[in-house]
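Student: Fold the following, please.
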Amino acid sequence: MCFAELNVMMKRSLSQSAVRCASGMDVCHAAPIWTAQPDEKAFPRLTQDLHIDVAIIGADVCGITTAHLLKSAGFTVVVLEAETVGGAAATHASGVLDVTADQSLQHLSAGWGQRKTAAILAGRSGAIDLIEANITQHALHCDFARVPRIFYSTTTSDAEQSTIQTEARIAQDCGLLAWLARDLPLPYMTGAALVIAQQAQCDPRRYVRQLAKALASPQCQIVEHSPVIRLNAARRTLHTAAHTVRVKHIVMTTHSAPRWNASLIRLCPWQELAVAAPIESTHMAPAMGPAMEPAILCSVGEHATTTRLLQFGQQRYALMTGEQHPLIHNTTNHATGSQRHAMLETRLQSSFLSDAVRFKWTNTYYPSADGMPMLAHLPGALPIYLAGGFGQAGLVQGTLVAQRIAKAICGLPDPWQDICHGRNDSRIKRAIRAASHELRRWFDESGKTNLRTAGHRSASRP
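Tutor: Purely as a prediction, here's the structure:
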C-alpha cells in the first residue's frame, strides 16, 4: 500500500469520526480542544521568488524548531507549509512533554542497555528544556507548566506491581528524579505508582503557532498554503505553483514523508484517541501533595491511558488519551473507531465524575520500530534531510530531531549519532540506508522530482 492510499484512508477515517453528539445542552465537538481558541495570527502565502540558505518543508514542531535554531545561527530560512502552521501534529497532540515518550523504560533498557537508555532520556529531557527556553525567550502564552509524571497501576496484581517497581529502578539508575509512591490523592483507587519529576505540559498548537509568529521576519519567512510541488537538485531549486526558491539545504519534516520503507520499519500510520470533558472544582485531582499541583497520569495495563488536567478559559478540563491502534485496523472495521472512543469516554467520566465529553478527536502518528525518531541525509549538490517517525510524542521527538538537523547544517558534532549508529534493530539500519537510497531515486537524470506524484503530501499533516 502506498502513502497516497494511506492518506486517503486517514481522511476517510477522520471524516467518519467527525460526528456530533448531544447531552442536554452540551455538544461534543469532533475536533481537538486546542481549536476552540481563535487564532491570533494568520501567515501569508509565498508571494515571490527567493534565494535562501535553508528551505524547510512542513511547519509543525520539528520544522518551526529547526527554523528557530538555524535563524539563531545566522542562516536565512523559509518554512513552507501546504496547509496551516501547526495545523497537523501539534493541533492533534495532547501537549504532554515526557522523557519516556510513551515508551516502557523496561523496553528501552532491554533494547539499548542502561548507558544508551540514560543518554536517550537525557536527550529527550534536553528537548523539553529547549521548549521551555523558547517559551521563556519569546514570552509565549501556551500554558506551559512543569508537572510530575505518575505511572500507576489500577489493581493490586503482582504483575502490575512488579512492572511499576522495575520501571522505578530503571528510572533511578538512568539518573531521573523518580520515586515510588502510594495512596495518591486521586478520585479513584490506585495501587503502586512511580513518580518522575520535572516533566511538562502545554497547549501544543499555541506553542507552535506563537513560536512561528515570533520567528517571522525577512531572515526567517513562514508561509502557509504554499505546497512544494517539485524539486530540482541540479539547479538547487524547489517550486510551488507560482514561485521558485533557490536553496543550499532542504529539510523535509513531513510526517507522511515518502520512501521510508514500510516493509522494513513500522512507519505506517497509527491512531491515538483523545477525549476532553469539563470537571467540577471539587474534582480537581490529579494532585501531588499539599501544593495540589496537576500531574500527568499514565496507567499500566491492557487499556493504558494518559490523563492530564488543563485550564481552558474559565473551565477546568480533564484530557484523556489512549486506545492506540493501527490505522489499517481501524478502517477495516468502521465501528471500531466509535466503539473505542465510547470506551475512552466512559473511563474518563467514571474516573473524574466529569460532565459530558465536549471534545473528542484522533491523533494520527507514525512510529518507528524502535521508538527512536528517524533522520536520513542525502548529501550532494543539494543536501536534503528527511525526518519522521516521531510517534505520538511528536513535541519532544520532533524537537530532538530539529536539534540534530541544525547541528548537521551548522557542521557541529551530533551527540545522538553514536546512539543512532548503534541501533540494535538491523531493520532500522536497513531502513535508514533505504530511505537515503530512495531519496536519490526521486531524481531522474535531469535532477528533478514531482512531489505531487511521489506518493507524498508536502503538508506536515499526517
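Student: what about the strands in the stretch 301-450 of the chain?
Tutor: Taking DSSP state E, counting those that start in this stretch, the strands of the stretch 301-450 of the chain run over residues 305-312, 315-326, 359-365, 374-378, 384-388, 448-450.
Student: most packed of the ones you listed?
Tutor: Mean neighbour count (mean count of other C-beta atoms under 10 Å) peaks for strand 384-388 among the strands of the stretch 301-450 of the chain, with a mean of 25. Just so you know, the C-beta spots here come from the backbone N, C-alpha and C atoms, and that holds for glycine as well.
Student: Could you quantify the relative orientation of that strand and strand 374-378 as an angle?
Tutor: With axes from the mean of the first three to the mean of the last three C-alpha atoms, to 10 degrees defining the directions, strand 384-388 sits at 170 degrees from strand 374-378.
Student: Strand 384-388 pairs with which strands, parallel or anti?
Tutor: strand 249-252 (parallel), strand 374-378 (antiparallel) (DSSP bridges).
Student: Please compute how far it lies from its chain's middle.
Tutor: The chain centre lies 15 Å from the centre of strand 384-388; the measure is C-alpha atoms, centre = their mean, to the nearest Å.
Student: what do you get for stretch 211-220?
Tutor: Worked out by C-alpha atoms, centre = their mean, stretch 211-220 lies 22 Å from the chain centre.
Student: Okay, buried residues for it please.
Tutor: 211-216, 219-220 (16 or more other C-beta atoms under 10 Å).
Student: just stretch 101-114 next, same as before
Tutor: Applying 16+ other C-beta under 10 Å to stretch 101-114 flags 101-105, 108-109, 111-112 as buried.
Student: so of those residues, which ones are in helices?
Tutor: Here DSSP state H is the test, and the buried residues of stretch 101-114 give 105, 108-109, 111-112 as lying in helices.
Student: What ranges in the stretch 201-350 of the chain fall below the confidence cut-off?
Tutor: 255-268, 281-293, 328-337 (pLDDT under 70).
Student: could you pull out the helices for it?
Tutor: Applying DSSP state H, counting those that start in this stretch to the stretch 201-350 of the chain gives helices spanning 204-215, 327-332, 334-352.
Student: follow-up on the earlier one: including distance to residue 415, could the strands of the stretch 301-450 of the chain go into a markdown table?
Tutor: Shown next, in a markdown table, are the strands of the stretch 301-450 of the chain (distance: least, C-beta to C-beta, whole Å):
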| stretch | distance to residue 415 |
| --- | --- |
| strand 305-312 | 28 |
| strand 315-326 | 30 |
| strand 359-365 | 25 |
| strand 374-378 | 13 |
| strand 384-388 | 17 |
| strand 448-450 | 32 |
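Student: Nearest to residue 279 among those strands would be which one?
Tutor: Distance to residue 279, taken as C-beta to C-beta, is lowest for strand 315-326 among the strands of the stretch 301-450 of the chain, at 5.1 Å.
Student: Output that closest one as PDB, restricted to C-alpha atoms.
Tutor: Extracted in PDB, the C-alpha atoms of strand 315-326 (Å, rounded to 0.1, in the frame of the first residue of the first chain):
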ATOM      1  CA  GLN A 315     -13.300  25.900  32.900                       C
ATOM      2  CA  ARG A 316     -11.100  23.100  34.100                       C
ATOM      3  CA  TYR A 317     -10.900  20.100  31.800                       C
ATOM      4  CA  ALA A 318      -9.600  16.500  32.000                       C
ATOM      5  CA  LEU A 319      -8.000  15.300  28.800                       C
ATOM      6  CA  MET A 320      -7.500  11.500  28.400                       C
ATOM      7  CA  THR A 321      -5.700   9.700  25.500                       C
ATOM      8  CA  GLY A 322      -5.400   6.000  24.800                       C
ATOM      9  CA  GLU A 323      -6.700   3.200  22.600                       C
ATOM     10  CA  GLN A 324      -3.700   3.300  20.200                       C
ATOM     11  CA  HIS A 325      -4.300   1.100  17.200                       C
ATOM     12  CA  PRO A 326      -3.000   0.800  13.600                       C
END
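Student: Quick one: list the elements packing against it.
Tutor: With contacts taken as 3 or more C-beta pairs under 8 Å, 6 or more residues apart in numbering; DSSP states H and E, strand 315-326 sits against strand 270-278, strand 305-312, helix 334-352.
Student: hmm, back to that, can you tell me which of the strands of the stretch 301-450 of the chain is nearest to residue 78?
Tutor: It's strand 384-388; of the strands of the stretch 301-450 of the chain, that one is closest to residue 78 (C-beta to C-beta) at 15.0 Å.
Student: would you put the C-alpha positions of the closest one in PDB?
Tutor: Provided in PDB are the C-alpha atoms of strand 384-388 (Å, rounded to 0.1, in the frame of the first residue of the first chain):
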ATOM      1  CA  ILE A 384      18.400  17.000   1.800                       C
ATOM      2  CA  TYR A 385      17.400  16.000   5.400                       C
ATOM      3  CA  LEU A 386      14.300  13.800   5.800                       C
ATOM      4  CA  ALA A 387      12.800  13.500   9.300                       C
ATOM      5  CA  GLY A 388      10.000  11.300  10.500                       C
END
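Student: returning to what we had before: let me have the strands paired with strand 384-388 in CSV, adding distance to residue 388 as columns.
Tutor: Shown next, in CSV, are those (distance: least, C-beta to C-beta, whole Å):
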stretch, distance to residue 388
strand 249-252, 8
strand 374-378, 5
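Student: Could you check those and tell me which one is nearest residue 184?
Tutor: That would be, of the strands paired with strand 384-388 and by C-beta to C-beta, strand 374-378, which comes in at 36.6 Å.
Student: from the chain's centre, how far out does the closest one sit?
Tutor: Distance of strand 374-378 from the chain centroid (C-alpha atoms, centre = their mean) equals 18 Å.
Student: Do me a favour and average the pLDDT over it.
Tutor: Averaging pLDDT along strand 374-378 gives 80.
Student: At the geometric centre of this structure, which residue do we find?
Tutor: Closest residue to the average C-alpha location of the chain: residue 394 at 1.5 Å, with C-alpha atoms, centre = their mean.
Student: and residue 128, that one's in a helix?
Tutor: Yes. Assessed by DSSP: H, G, I helix; E, B strand; the rest coil, residue 128 belongs to a helix.
Student: wait, it sits on residue 99?
Tutor: Yes. With contact defined as C-beta atoms under 8 Å, residue 128 and residue 99 form a contacting pair (7.0 Å).
Student: Now do the same for residue 72: its pLDDT.
Tutor: The model's pLDDT for residue 72 equals 97.
Student: Hmm, I typed the wrong one, I wanted residue 351.
Tutor: For residue 351, the model assigns a pLDDT of 77.
Student: rewinding a little: could you report the distance from the residue nearest to the centre of the chain to residue 79?
Tutor: 17 Å (C-beta to C-beta, to the nearest Å).
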